[in-house]
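Asks: Quick one, what's the 3D model for this:
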Amino acid sequence: MSTNVLKEAKPSIISDFKEITKMRLALSVVFSSVAGYMLGAETINWTTVLLLSLGGYFMVGASNAFNQIIEKDLDALMNRTKNRPVPSGRLSVNAAFIIATTFTILGLVILYNINQQTALFGAISIFLYTCVYTPLKTKTPLAVFVGAIPGAIPFMLGWVAATNQFGIESGTLFALQFFWQFPHFWAIGWFLFEDYKRGGFFMLPTGKQDKGTAVQIIMYSIWTILVSIVPVFGVTGELKLTIVTAVIVFVLGLGMLYYALKLFKERSVKAARQLMLASVIYISLIQIVYVLDKFIR
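Replies: Numbering: from 1, shown residues only. I've put the predicted structure just below:
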């Protein structure tokens, strides 16, 4: 009896809040932003770190809330999204819109209090994700390229928050996370292929779980590795890496590349899941290693 009650228990307001804002994704964005800030700051201002964390969370929450409003009918068709607050009917479109709008205003105001450029990039991120990436997902695989732009902004956003300027340093951080998006999201697109198909989403570059997609995943993994070690050559301004750290970063990249090659060889859902997990571990460790290198050297 108790088991049935547990199974039939309705999602709570807290769980719906986590779902509408995609809390895990939002927290990963906050992590990336704070890492970028640590890299760019001469001295750590914890008030700025708090503002960046809150602003980043609201920014992602707003984007995801708008996304779930736009895609509510399509989300209802897919197993992984049909129980989200809006398509399930637990949250009305109007309520979701109020949340999304409130989060947009709060996020941009908070980021503006850091500096204008940080708020500008936050606004660009919300616009591209909501108004360009989301509509394109059902039209063309090129949507992933557009989506990779707001996805790559958080790491460089932290540097801009610390320095109030966009330069070679923040551009390098952007490029690193931009190229990383492709093996990461194409791995997700691979193992969720059938579910995405139900919703009419085109996520893989060839539209299929084939060798062509696997080859592109390998190529973008290699680009990610190459960009990650560029700071060791002293061409990225104040963003620098020691030789030892560059070797560590390179080895971490080879770890992700191994799973990309494994996907090419096996072309299986299991291999795609492994690559996705490896890519998440990779980007988290890279950001940690970059920060440690700055404070240890």
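Asks: For the residue nearest to Gly147 when sequence neighbours are not counted, which residues are in contact?
Replies: In this structure, Gly147 finds its nearest non-sequential neighbour in Tyr133, 4.0 Å apart by Cβ to Cβ, 6 or more residues apart in numbering. For the C-beta atoms, the positions are set from N, CA and C on the backbone; glycine is no exception. Going by Cβ atoms under 8 Å, 6 or more residues apart in numbering, Tyr133 touches 143, 146-147, 150.
Asks: hmm, try it at 6 Å
Replies: Contacts for Tyr133 (Cβ atoms under 6 Å, 6 or more residues apart in numbering) come out as 143, 146-147.
Asks: do Phe155 as well
Replies: 32, 36, 173, 177.
Asks: Identify the residues contacting the second one.
Replies: This points to Gly36. Gly36 makes contact with 155-156, 158-159, 173, according to Cβ under 6 Å, 6+ apart.
Asks: what's the helix or strand for it?
Replies: helix 23-40 (DSSP states H and E).
Asks: tell me the mean pLDDT over that helix?
Replies: What helix 23-40 shows for mean pLDDT is 93.
Asks: list the buried ones in that helix?
Replies: Neighbour-count burial for helix 23-40, counted by 16 or more other Cβ atoms under 10 Å, picks out 23, 26, 28-40.
Asks: With stretch 202-211 instead?
Replies: In terms of neighbour count (16+ other Cβ under 10 Å), stretch 202-211 has its buried residues at 202-205, 209.
Asks: Quick one: end-to-end distance for that stretch.
Replies: Counting by Cα to Cα, to the nearest Å, you get 17 Å between the two ends of stretch 202-211.
Asks: And the next helix or strand past the helix holding Gly36?
Replies: Moving toward the C-terminus from helix 23-40, the next helix or strand (DSSP H and E) is helix 46-70.
Asks: Give me the mean pLDDT for the next helix or strand after that following helix.
Replies: For helix 46-70, the following helix or strand on the C-terminal side (DSSP H and E) is helix 72-75. Mean pLDDT, helix 72-75: 90.
Asks: Run the chain-centre distance for helix 72-75.
Replies: Centroid separation for helix 72-75 versus its chain: 21 Å, with Cα atoms, centre = their mean, to the nearest Å.
Asks: And stretch 205-222, by the same measure?
Replies: Worked out by Cα atoms, centre = their mean, stretch 205-222 lies 19 Å from the chain centre.
Asks: all helices of the stretch 51-200 of the chain, in order?
Replies: Using DSSP state H, counting those that start in this stretch, the helices found in the stretch 51-200 of the chain span residues 72-75, 93-112, 116-127, 134-136, 143-163, 168-191, 193-199.
Asks: Tell me which of the ones you listed sits nearest to Ser279.
Replies: Closest of the helices of the stretch 51-200 of the chain to Ser279 is helix 168-191, at 4.1 Å (criterion: Cβ to Cβ).
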